[in-house]
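A.B. asks: sequence plus the predicted model coming up.
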Amino acid sequence: MRRTSVSLPTKQARRDPHEKADRYDTGHREPGILEKLQQAGMNPAQKSRWLKTTAIVVFVLFLFYYLSPRGVDYYQGVSQSSGQGSSDSSLYGTDKCTKSYSRDKPIVQYVLMIDAGSTGSRIHVYKFNNCGPTPELEKEDFRMTEKSVGGLSKYKDDPVAAAKTLDPLLAVAMEVVPDKLKGCTPVAVKATAGLRMIGADAADKILKTVREHLEKDYPFAVVSEKENGVAIMDGSDEGVYAWITTNYLLGKIGGPDESPTAAVFDLGGGSTQIVFEPTFKALPSGGMPEKLAEGDHKYDLSFGGRHFELYQHSHLGYGLMAARNSIHLALLDDIYAKEKSLDFLKKPIRNHPCINAGQSDVIKVQLPKDSQLGIGELELNVTGPAIPAPAQCRSLAEKILVKDAHCKLAPCSFNGVHQPSLAKTFAREDVYVFSYFYDRTKPLGMPDSFTLRELHDLTHTVCGGEETWDGFSHLPEALDELRGRGEYCLDLNFMIGLLHTGYEMPIDREVRIAKKIKDNELGWCLGASLPLLAKDSGWSCKVTQVY
């Protein structure tokens, strides 16, 4: 079971003005201020001036202490974007307010989150204001590395080169974050599946070099090693942070709205994550448990003064790219079982049911160590069937889900993994699917919400090839997508198989696709950044000069 707590501003307790001092009159009274002044030999005019001066000083100190937001000294006089002085409309870097809601937090805070993925790195520069009880995301700047640069894992033999690939991203942060706030802006680098694949030693050298580069060459505050500031991110955190991001942007957490939260289904390249807040209602027959079973799938989260018990799981090896490889392998194993020879690998593979009908493509298949097909990587020419075969492709997709695997803790979704029933514990709430779910459906003209049945129908249309693509004639970009990607039939079949067969989501259940909410990117980065706004979150402000 995992626990995460995200602290939010609270009003600081003040001394009770009616609190009595722990002293009592014992018969001896000390002289008062006026008597002391008289004893000092002051005349009435001098005493009056002294008292007035003292009263003014005390009043000014009172106003400064109670009306000034604590911790904003570093931020005063900073304009909203340039950091070169002040402007009347944005004295503290925001037009939303002129005073922080909490004296313990500055009016404006920035957070830098670098997503070091397997194919490239991306930076999110988040700007928050603390005008209300919950930090408000005011702006996001986003940049990713060029495709030719690749991810950190591409430079497994050159850690210095790997670290320098982040420089173009950090240049954006240097431009966006005001100079006076840079030293109080935390930066974190979280790597995903790519670095796991190059081995622990190579990954550790890269991460160590990245940290040294950030600490030595940039003014930002690097999040500590204890808080995994520059590290490979755990799969469970990736899913939960994506859940926080989605529900925060929807206004379902961190604010007054306590409506049911949304589920998130994130389909990456190497893994896929599911996170939702199940509702258990005990039935008279006792057919339903009263709460979520204990285990690694249970994630306790405190956010915005509320507690959530989330179900989460990261299915490693079931991201879209990994699933492609597994489906191709399943087909090749079936052919080998029939042919009893590897000679078929020397010629094109015809009638591949997961390739768009009548279309040819070149695929690469990574062979596992124990494969009967050999070792290393195969590059094969494949052709789709003359007669569309989406059902056969769906069968291959469901085969890799291993639905009949032993289920130690029932109920299970697939591959023997425990999961509460979506139909029973999450029947009506919103479901958001993103990443590759979005990338493969939105270009084909799918609306922001659709049912799994509509996704099933789209899959049949795509698998049918050019003869069935008349419905895309008004979408030239969709036709370009389909013609340039022979594995589109495979991708959609895996998605419908994962959602309907794997997660056992009803065929008429509606899902929502999104890349952004309120013009902010979805994914785990924002959810991982919000905890860094709290005190004692693993970084220290570098600024020592008060402006």
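C.D. replies: Alright, I've got the coordinates. Please read all numbers here as calculations on a predicted model, not as lab measurements.

A.B. asks: and stretch 403-414, what's buried?
C.D. replies: 403, 407, 412-414 (16 or more other C-beta atoms under 10 Å). (C-beta placed from N, C-alpha, C; glycine too.)

A.B. asks: quick one: end-to-end distance for it.
C.D. replies: 5 Å (C-alpha to C-alpha, to the nearest Å).

A.B. asks: what mean pLDDT does that stretch have?
C.D. replies: Here stretch 403-414 scores 96 as its mean pLDDT.

A.B. asks: domains of the protein?
C.D. replies: According to automatic domain parsing, the chain comprises the domains 66-233+524-547, 259-318+399-519.

A.B. asks: Trp243 is nearest to which of the ones you listed?
C.D. replies: Smallest distance to Trp243 across these (C-beta to C-beta): 4.1 Å, for domain 259-318+399-519.

A.B. asks: rank the domains of the chain by pLDDT, which is bottom?
C.D. replies: Taking the mean pLDDT of the domains of the chain, domain 66-233+524-547 comes last: a mean of 83.

A.B. asks: thinking again about what came up before, let's have the domains of the chain in CSV, adding distance to Leu380.
C.D. replies: Listed next are the domains of the chain as CSV, based on distance: least, C-beta to C-beta, whole Å:
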stretch, distance to Leu380
domain 66-233+524-547, 22
domain 259-318+399-519, 12
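
A.B. asks: out of these, which comes closest to Asn356?
C.D. replies: Comparing those by C-beta to C-beta, domain 259-318+399-519 comes nearest, at 5.0 Å.

A.B. asks: can you get me the start-to-end distance on the closest one?
C.D. replies: OK, domain 259-318+399-519 end separation, C-alpha to C-alpha: 22 Å.

A.B. asks: and it, how far from the chain's centre?
C.D. replies: 17 Å (C-alpha atoms, centre = their mean, to the nearest Å).

A.B. asks: just the strands in the stretch 101-250 of the chain please.
C.D. replies: Under the criterion DSSP state E, counting those that start in this stretch, strands of the stretch 101-250 of the chain are mapped to 108-116, 121-129, 136-144, 186-191, 221-222, 230-232.

A.B. asks: and the first one, what does it pack onto?
C.D. replies: Judged by 3 or more C-beta pairs under 8 Å, 6 or more residues apart in numbering; DSSP states H and E, strand 108-116 is in contact with strand 121-129, helix 167-176, strand 186-191, helix 525-529.

A.B. asks: mind checking these for the one nearest to Asp508?
C.D. replies: Per C-beta to C-beta, nearest to Asp508 of the helices and strands packed on strand 108-116: helix 525-529, 30.0 Å.

A.B. asks: CA-only coordinates of the closest one in CSV, if you can.
C.D. replies: The C-alpha coordinates for helix 525-529 follow below in CSV (Å, rounded to 0.1, in the frame of the first residue of the first chain):
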residue,chain,number,x,y,z
CYS,A,525,3.8,15.8,-14.7
LEU,A,526,1.4,18.2,-13.1
GLY,A,527,0.3,15.7,-10.5
ALA,A,528,4.0,15.2,-9.6
SER,A,529,4.6,19.0,-9.4
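
A.B. asks: which residues are contacting it?
C.D. replies: Applying C-beta atoms under 8 Å, 6 or more residues apart in numbering, the contact partners of helix 525-529 are 111, 113, 115, 122, 124, 126, 137, 140, 188, 190, 233, 237, 240-245, 248-249, 520.

A.B. asks: list the helices and strands the top strand by length along the chain packs on?
C.D. replies: Secondary structure assigned by DSSP state E gives strand 306-316 as the longest strand of the chain. Strand 306-316 sits against helix 235-249, strand 271-276, strand 298-303, with contacts defined as 3+ C-beta pairs under 8 Å, 6+ apart.
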